[in-house]
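# Starting from these lines, generate the structure:
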Amino acid sequence: MIGASGQGLGPRRGKREVIEVAERKVPDKRLDQLLHVRKQRLSRLERERHEARQVWRRRREKFHAAKLRWREAVAKTQEQWQQARRQFLDMTITSGQFRSAKAAYERMKREVAQFYLDCQNQLQRCREAGGKFFEARWAVLDANRQQEKLSLLRDEMRTLEQPAEN
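Down below sits the predicted model:
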């Protein structure tokens, strides 16, 4: 009965005071994961912005080319008509030749009108592409702001956790 009296292995131990040891805190990775996802989203948005810029540039080039075709057609039509009138008034061409020149002028006016419509269509497409680019640009700027806020929040949380560990 050694164990019953408590005399068997020496004096009975007193109750130990529990020492509080700070448990190692598992670092919270949620904010880092969120930052990673946001960074991927930012990369996608930047890629979309770049593509929208390229589309807008191509549309502006097409519009510029259409505008030049239209202007050249207008100048050519006006010059041809002025030449025909000048020749008729100088009496170097007959009235039949003048009528054929007038018919050619009317045909050229219709072509110029078609060039103008093409130019306006190109302008509309260019404006739409520009709008898409600026929407994409705004989305990138907004995502950058959000990323910066989250980075600052993460850094602030880390600085607050460090003195607690020391």
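
# number of nearby residues for L31?
Residues contacting L31 under the criterion other C-beta atoms under 10 Å number 15. Placement of C-beta: from N, CA and C, glycine included.

# R158 is in contact with that one, correct?
No - L31 lies out of contact with R158 (C-beta atoms under 8 Å); the separation is 9.4 Å.

# tally of neighbours for L42?
Taking other C-beta under 10 Å as the neighbour definition, L42 ends up with a count of 17.

# Please name the residues that touch it.
For L42, the residues meeting the contact criterion (C-beta atoms under 8 Å, 6 or more residues apart in numbering) are 140, 143-144, 147.

# do that again at 10 Å, thanks
Counting by C-beta atoms under 10 Å, 6 or more residues apart in numbering, L42 makes contact with 139-140, 142-144, 146-147.

# remind me, longest helix of this protein?
With residue count as the measure and DSSP state H as the assignment, the chain has helix 95-165 as its longest helix.

# Packing partners of it?
Contacts of helix 95-165 with other secondary structure elements, assessed using 3 or more C-beta pairs under 10 Å, 6 or more residues apart in numbering; DSSP states H and E, are made with helix 30-89.

# centre of the chain versus the helix it packs on, how much separation?
Remark: helix 30-89 is offset 16 Å from the chain centroid, using C-alpha atoms, centre = their mean, to the nearest Å.

# Next, the angle from that helix to helix 95-165.
Per axes from the mean of the first three to the mean of the last three C-alpha atoms, to 10 degrees, the angle that helix 30-89 makes with helix 95-165 is 170 degrees.

# switch to numbering from 16
Sure, I'll start counting at 16 from here, so that last one is helix 45-104.

# rewinding a little: now the contacts of L57: which count as buried?
In the contacts of L57, burial by neighbour count holds for 154-155, 158, counting by 16 or more other C-beta atoms under 10 Å.

# May I see the residues you listed organised as JSON lines, with pLDDT and distance to G111 added?
Formatted as JSON lines, the entries for the buried ones among the contacts of L57 read as follows, by pLDDT from 0 to 100; distance: C-beta to C-beta, whole Å:
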{"residue": "A154", "pLDDT": "96", "distance to G111": "65"}
{"residue": "V155", "pLDDT": "97", "distance to G111": "66"}
{"residue": "A158", "pLDDT": "95", "distance to G111": "71"}
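
# any chance of the residues you listed in CSV, with distance to R31 too?
Output for these, formatted as CSV (distance: C-beta to C-beta, whole Å):
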residue, distance to R31
A154, 62
V155, 61
A158, 56
